[in-house]
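1. Provided below for reference: sequence and predicted model.
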Amino acid sequence: MSFTEALHRYVAVESPTGDPRALAALAEMLEADAARAGFSTAREPHPTGDHLIWTLPARDVPGEPILLLSHYDTVWPVGTLAEMPWSVEDDVIRGPGVYDTKSGIVALLAAAERIGGGPHPELRVIVVADEEIGSPTAGDLVRAEASRARAVLGLEPPHPGGDLKTGRRGSTRARIEVTGIEAHAALDPDAGVNAIDELIDQLIRFRAAVGQRPVLLNTGTITGGGRTNVVAGRAHADLGLRFVDPADEEAVLEALRSLRPVRERGQVSARLLSHRPTWRAADDGLLEQIKRIAAGIGQPLDGRPADGAADTNTTGALGRPTVDGLAPAGGGAHARTEWVSAASIASRADLLAALLGPEGLR
């Protein structure tokens, strides 16, 4: 089966985050393909989608395993294929999830088949079911596996042009929740506490605190109230936060935890919906190894930090040697222009086989 044919099979099974039935259908296909590539397979079950855990036992290379991270959920709901169909034109393959990041799974399985008979270290692979919403149920699994890994390789898309990712902004999804008191808005307004008004004041205060630091803040949703003649009893806002520096991250999260109501009878609370810590690369030894091996097979590349977040935030922040961006090159992540290079799937499979094979990472 060609790389393009394998990718087409995966894209044809739409797998949006949070749709357990759709995810289960693709999980069965992926597990069967992983078993054919030599992996033993297991799952960590979750109601919103199971995380897949694959193991390729070491062959004549002792020591800690190499951990590879990927995901099989996409941002695209079931039915997207009807509006954004699979297509192949010259080197460009289009379809929901081709770039982020089903082509990375294709390249990994092809590499595993290639190295299976020769010396290689133990390989552990986690294929996450909810990466696109911050991996809220996968964090503990990723941390546990990373704690015993000699190196972590992320199979997320690379920088434009194919360079690797050596650090990532911290990324946090948070919710501010306000409970007020409902009352008739005309007959007895003072008996109530308007949760929407309180939420607006809290957002202004929090934005002022964040504005003192180089932090990205996006208010993504605001929900509350119900009727114009009723003082709103509940309201909440979901925020997206991005950090470059761990000190800024801790200061802003402390400001979030310290929110107190402006109105005497109002109640305010904040909680994290997902949290990926800031990953600041402390050691480029792993990148240098990858660059040397890549150059040896005629694939010169480099690495630099990235703005977007992924599960490698977690492993990098733990201090584990981590490099991301090893999926094939393309573009249009999370956009209807999403595409991946057919040639890059082949070249990334070659690179992964070189990294994991007898002359690879040690």
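-> Right, received. Where do you want to start?

2. helix, strand or coil for the residue of the chain most remote from its centre?
-> Taking Cα atoms, centre = their mean, the residue of the chain most remote from its mean C-alpha position is residue 187, at 49.9 Å. For residue 187, the secondary-structure state derived from DSSP: H, G, I helix; E, B strand; the rest coil is coil.

3. contact partners for it?
-> The contact partners of residue 187, by Cβ atoms under 8 Å, 6 or more residues apart in numbering, come to none. Using the backbone N, CA and C atoms, a C-beta is placed for each residue, glycine as well.

4. where along the stretch 251-362 of the chain do the strands fall?
-> Assigned by DSSP state E, counting those that start in this stretch, the strands in the stretch 251-362 of the chain fall at 267-276, 303-306, 322-323, 330-331, 339-341.

5. the first one: partners in the sheet, and parallel or antiparallel?
-> Meaning strand 267-276. strand 170-179 (antiparallel) (DSSP bridges).

6. poorly predicted segments of the stretch 201-350 of the chain, please.
-> Along the stretch 201-350 of the chain, segments meeting pLDDT under 70 span 282-283.

7. repeat that for 80
-> The stretch 201-350 of the chain contains residues with pLDDT under 80 at 281-284.

8. how is this structure carved up into domains?
-> Annotated domains of the chain cover 3-169+279-356, 170-276 [automatic domain parsing].

9. picking that back up, out of the strands of the stretch 251-362 of the chain, which gets nearest to residue 291?
-> For those, distance to residue 291 was read as Cβ to Cβ. The smallest value, 7.6 Å, belongs to strand 303-306.

10. now residue 277. Nearest residue, chain neighbours left out?
-> residue 317 (3.8 Å; Cβ to Cβ, 6 or more residues apart in numbering).

11. for the closest residue to residue 78 other than its chain neighbours, grab the count of nearby residues.
-> Closest residue to residue 78 apart from its sequence neighbours, by Cβ to Cβ, 6+ apart: residue 14 at 4.7 Å. Residues near residue 14, counting by other Cβ atoms under 10 Å, number 22.

12. ok so, going back, what about the residue farthest from the centre of the chain, distance to residue 193?
-> 16 Å (Cβ to Cβ, to the nearest Å).

13. show me where the stretch 101-250 of the chain has strands.
-> Under DSSP E, counting those that start in this stretch, the stretch 101-250 of the chain gives strands at 123-128, 151-154, 164-168, 170-179, 216-224, 234-243.

14. redo those strands as CSV? Include mean neighbour count and distance to residue 110.
-> Output for these, formatted as CSV (neighbours: other Cβ atoms under 10 Å; distance: least, Cβ to Cβ, whole Å):
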stretch, mean neighbour count, distance to residue 110
strand 123-128, 24, 13
strand 151-154, 26, 15
strand 164-168, 25, 19
strand 170-179, 21, 30
strand 216-224, 13, 37
strand 234-243, 20, 34
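
15. can I get these in a markdown table including distance to residue 32?
-> As requested, the strands of the stretch 101-250 of the chain are arranged in a markdown table below (distance: least, Cβ to Cβ, whole Å):
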| stretch | distance to residue 32 |
| --- | --- |
| strand 123-128 | 13 |
| strand 151-154 | 23 |
| strand 164-168 | 30 |
| strand 170-179 | 33 |
| strand 216-224 | 37 |
| strand 234-243 | 36 |
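
16. so where does residue 9 fall, helix or strand?
-> Assessed by DSSP states H and E, residue 9 sits inside helix 3-12.

17. buried sites along the helix or strand that comes right after that helix?
-> Where DSSP H and E defines the elements, the next helix or strand beyond helix 3-12 is helix 20-36. Neighbour counts over helix 20-36 (16 or more other Cβ atoms under 10 Å) mark 22, 23, 26, 27, 30, 31, 33, 34 as buried.

18. mind listing residues that contact helix 20-36?
-> Counting by Cβ under 8 Å, 6+ apart, 6, 9-10, 13-16, 41, 43, 47-50, 52, 54, 72-73, 78, 105, 109, 112-113, 125, 127, 129 sit against helix 20-36.

19. any of those residues buried? List them.
-> By 16+ other Cβ under 10 Å, the contacts of helix 20-36 give 6, 10, 13-16, 41, 49-50, 52, 54, 72-73, 105, 109, 112, 125, 127, 129 as buried.

20. how close does residue 244 get to residue 256?
-> Counting by Cβ to Cβ, the gap from residue 244 to residue 256 is 17 Å.

21. same question, residue 220
-> Note on residue 220: its distance to residue 256, by Cβ to Cβ, is 15 Å.

22. try residue 214
-> 17 Å.

23. same drill for those two, tell me which one is more crowded.
-> Higher neighbour count among residue 214 and residue 256: residue 256, with 21 against 11, using other Cβ under 10 Å.
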